[in-house]
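Enquirer: Turn this into a structure:
(chains A and B)
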Amino acid sequence: SQTIHQWPATLVQPVGSPLSLECTVEGTSNPNLYWYRQAAGRGLQLLFYSVGIGQISSEVPQNLSASRPQDRQFILSSKKLLLSDSGFYLCAWKWKGGTNTEAFFGQGTRLTVV
Amino acid sequence: AQTVTQSQPEMSVQEAETVTLSCTYDTSENNYYLFWYKQPPSRQMILVIRQEAYKQQNATENRFSVNFQKAAKSFSLKISDSQLGDTAMYFCAFMKQKTSYDKVIFGPGTSLSVIP
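Expert: Reported below is the predicted structural model:
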């Protein structure tokens, strides 16, 4: 069976510090991978998605970047955090195309920038 | 670009009653999927129900059913016999069909409270 791991669950970081959130998927290969952010009281905003190793599409200009160094590993990073980067970050995966339409989500990371 | 709108930020319903959550979307695509995801207080996202745009028949999953109006670009969720465990954020979502570059676009969500 497939599982998705996302860590850490909670993170408090000072403004200007770097960030690295990691997401890994097990039990599948060549998945599409996604990073979403959920600000307080708001919906899920798609930040990045990846269809393969080294292939990253950015949805919104921001202070964050993403990388996919391995097939089932997706990393969200920042060199210098801003207060506005606070939020709940969700990693998700899905099979490509066809009738496999469901996205599977990690448990999320609550990031507070202070 | 596709957009998803949910006009009800918060709703409440008495236990055992029926509630309908609204969703509208905008797309120029003809083939796509629509979803309702549930996010309970645990924050774990769970797929509730999905609808293929080419199917006229509305999807049903136990107490959950949708009213899909393709021409109106409307996709509402009906929860029958509401239970306390239905208390959650509900997100409507859209995805284009059959492409490797498939993105799932979410609406802003509706916070549903089931009142005992």
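Enquirer: B:Phe94 contacts B:Leu34, doesn't it?
Expert: Yes - here B:Phe94 reaches B:Leu34: they are 5.9 Å apart, a contact under C-beta atoms under 8 Å. (Glycine included, C-beta is placed from N, CA and C.)
Enquirer: okay, and the common contacts of those two?
Expert: B:Tyr25 (C-beta atoms under 8 Å, 6 or more residues apart in numbering or on different chains).
Enquirer: Spell out, range by range, the strands that occur in chain B.
Expert: B:3-5, B:10-14, B:19-21, B:24-26, B:32-39, B:46-52, B:60-61, B:64-69, B:74-79, B:88-96, B:105-106, B:110-115 (DSSP state E).
Enquirer: same question but for chain A, I mixed them up
Expert: Secondary structure of chain A by DSSP E: the strands cover A:3-7, A:10-13, A:19-26, A:32-38, A:44-52, A:55-58, A:65-70, A:73-78, A:87-94, A:104-105, A:109-113.
Enquirer: Which neighbouring elements make contact with the last one?
Expert: Helices and strands touching strand A:109-113, as assessed by 3 or more C-beta pairs under 8 Å, 6 or more residues apart in numbering or on different chains; DSSP states H and E, comprise strand A:10-13, strand A:19-26, strand A:87-94.
Enquirer: run the last query once more with 10 Å
Expert: In terms of contacts (3 or more C-beta pairs under 10 Å, 6 or more residues apart in numbering or on different chains; DSSP states H and E), strand A:109-113 is packed against strand A:10-13, strand A:19-26, strand A:73-78, strand A:87-94.
Enquirer: Which strands border that strand, and is each parallel or antiparallel?
Expert: Note on strand A:109-113: by DSSP bridges, its sheet partners are strand A:10-13 (parallel), strand A:87-94 (antiparallel).
Enquirer: In TSV: those strands, plus mean neighbour count and mean pLDDT.
Expert: Formatted as TSV, those follow (neighbours: other C-beta atoms under 10 Å in any protein chain shown; pLDDT from 0 to 100):
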stretch	mean neighbour count	mean pLDDT
strand A:10-13	13	96
strand A:87-94	22	94
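Enquirer: Any residues of chain A in contact with chain B? List them.
Expert: A:9, A:30, A:32, A:34, A:36, A:38, A:41-46, A:49, A:51-52, A:55, A:57, A:59, A:88, A:90, A:92, A:94-108, A:110 (C-beta under 10 Å from any C-beta of the partner chain).
Enquirer: Buried among these? Need that as a selection in PyMOL.
Expert: Entered in PyMOL, the line below selects the buried ones among these, by 16 or more other C-beta atoms under 10 Å in any protein chain shown:
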select buried, chain A and resi 32+34+36+38+43+44+45+46+49+51+59+88+90+92+94+95+101+102+103+104+105+106+108
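Enquirer: Nearest residue to the middle of chain A?
Expert: A:Trp35 (2.9 Å; C-alpha atoms, centre = their mean).
Enquirer: beta partners for that residue?
Expert: A:Phe48, A:Cys91.
Enquirer: most centrally placed residue in chain B?
Expert: Mean-position check on chain B, C-alpha atoms, centre = their mean. Result B:Trp36 at 2.9 Å.
Enquirer: Let me know whether it touches B:Leu77 as I believe.
Expert: Yes - counting by C-beta atoms under 10 Å, B:Leu77 is a contact partner of B:Trp36 at 4.8 Å.
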